[in-house]
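[1] dropping the sequence and predicted coords here.
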Amino acid sequence: MNDVTAQAPTPDESVDENGGVSGTAASGRPRRVILMALPVVLVAAAVAGAAVYTKNSVDAADRSARTRLWEEPAHKPGKDPAGDVARGRVSTGLSKVLLPVPAGYRLGPDNGELGNDGELSGKKAIAAMKLNARGLAGKERRAYEKRIDKLRIEGIATRSYTGDDNTMAISTEIMRMKDKRAVRNLYAFKTGLFESIGIFRTEPKIKGHTRNARCYVLRKGEDSIMSMNCLAYDGELSISLSASGTKPFDRAAVAELLKDQLDHIASPGEYI
């Protein structure tokens, strides 16, 4: 798999029709505004959304109890996963790509209209992506939505996981596009945005997937709720994962779940 070097776009660069970065365009101002606004839209949504998503799950947790969620074997597949709805549905191509709920987890809270194990295809999937433009207005929003249309999104599927001890919740989203180049460019663009903000550090590395996956955590955080956001790609699939939970926050466990997700995409028979 080819390595993608993510470079943060400058104010004079624009996003090409596949989500990549190109030089100054004729309609320079709207695109420059988009590039300056999108980091706020994407990153704020990722961080704030993850915290809100987890709050109801972790507020009721017994914090005096010892956390045993990631003692071995944390990610050992169940003995008989076939037909086990509690581990996630497998009725569509994208739902089969999502990692089945591992040992130590259960299906988590709902992720908007997609629920905790849902899928959208065609126009509905495109509409869901366009919701990220809610922080923009007028021409900027329309230009952003036009770029989303050019990504040729075929479907989006999501599955959420909550730790059995209620101290962490994780949401994984997989988006399928027709153009693999667009997937790589979108990954480079999103990682570039995260890294251009300057408030995140890249860690931990995903074993076996250092070229196509990156995770981000805030450099400083004093809140009781911590979060971690990961981006990855594989072929025509764009993968995003958001996790949040109470301290102590086990970043290695989140990275391991993302690794399992990517390995599942490559060899689904080993994980289902």
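    Nice, I can see it.

[2] quick one: contacts for the closest residue in space to Ile265 that isn't next to it in sequence?
    Nearest non-adjacent residue to Ile265, counting by CB to CB, 6 or more residues apart in numbering: Asp234, 5.1 Å away. All C-beta spots, glycine's among them, are computed from the backbone N, C-alpha and C. Contacts for Asp234 were tallied using CB atoms under 8 Å, 6 or more residues apart in numbering; they are Met1, Asn212, Leu262, Ile265, Ala266.

[3] farthest-apart pair in those residues, please.
    Met1 and Ile265 (11.8 Å; CB to CB).

[4] neighbour count: these two, which is higher?
    Taking other CB atoms under 10 Å, Met1 and Ile265 do not tie; Ile265 has more neighbours (19 against 10).

[5] so where does that one fall, helix or strand?
    Using DSSP states H and E, Ile265 maps to helix 251-266.

[6] cool, and Asn166?
    Per DSSP H and E: Asn166 is located in neither a helix nor a strand.

[7] next: the one 10 residues further on.
    For Arg176, the host element (DSSP H and E) is strand 168-177.

[8] output the helix or strand that comes right after that strand as CSV, nothing but the C-alphas.
    Counting by DSSP H and E, the next helix or strand C-terminal to strand 168-177 is helix 180-197. Extracted C-alpha coordinates of helix 180-197, given in CSV (Å, rounded to 0.1, in the frame of the first residue of the first chain):
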residue,chain,number,x,y,z
LYS,A,180,-9.6,4.9,-4.5
ARG,A,181,-7.5,8.0,-5.3
ALA,A,182,-10.3,10.1,-3.8
VAL,A,183,-10.1,8.0,-0.6
ARG,A,184,-6.3,8.5,-0.3
ASN,A,185,-6.6,12.2,-1.0
LEU,A,186,-9.4,12.6,1.6
TYR,A,187,-7.2,10.8,4.2
ALA,A,188,-4.3,13.2,3.4
PHE,A,189,-6.5,16.2,3.6
LYS,A,190,-8.1,15.2,6.9
THR,A,191,-4.8,14.3,8.6
GLY,A,192,-3.4,17.5,7.3
LEU,A,193,-6.2,19.5,8.9
PHE,A,194,-5.7,17.7,12.2
GLU,A,195,-2.0,18.4,12.2
SER,A,196,-2.3,22.0,11.1
ILE,A,197,-4.4,22.9,14.2
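
[9] next, the angle from helix 180-197 to strand 168-177.
    140 degrees (axes from the mean of the first three to the mean of the last three CA atoms, to 10 degrees).

[10] which of the residues in stretch 118-127 are buried?
    Gly118, Glu119, Leu120, Ser121, Ala125, Ile126 (16 or more other CB atoms under 10 Å).

[11] with stretch 146-158 instead?
    Buried residues in stretch 146-158, counted by 16+ other CB under 10 Å: Arg147, Ile148, Leu151, Ile153, Glu154, Gly155, Ile156, Ala157, Thr158.

[12] neighbouring contacts of that stretch?
    Taking CB under 8 Å, 6+ apart as the rule, stretch 146-158 contacts 15, 17-19, 92, 94-95, 97-98, 111, 114, 116-122, 125-126, 128-130, 133, 171-179, 182, 186.

[13] list the contacts of Tyr233.
    Val4, Val183, Arg184, Leu186, Tyr187, Asn212, Ala213, Ile239.

[14] between those, which sits nearest Asn166?
    Asn166 lies nearest to Ile239 out of the contacts of Tyr233, by CB to CB, at 25.0 Å.

[15] now for the helix or strand that closest one falls within, which elements pack on it?
    Assigned by DSSP H and E, Ile239 belongs to strand 237-246. Packing contacts for strand 237-246, counted by 3 or more CB pairs under 8 Å, 6 or more residues apart in numbering; DSSP states H and E, involve helix 28-59, strand 168-177, helix 180-197, strand 225-234, helix 251-266.

[16] compare those and say which comes out lowest on pLDDT.
    Least confidently modelled of those is helix 28-59, at a mean of 43 by mean pLDDT.

[17] what about stretch 243-260, how long is it end to end?
    This stretch, stretch 243-260, spans 15 Å end to end (CA to CA, to the nearest Å).
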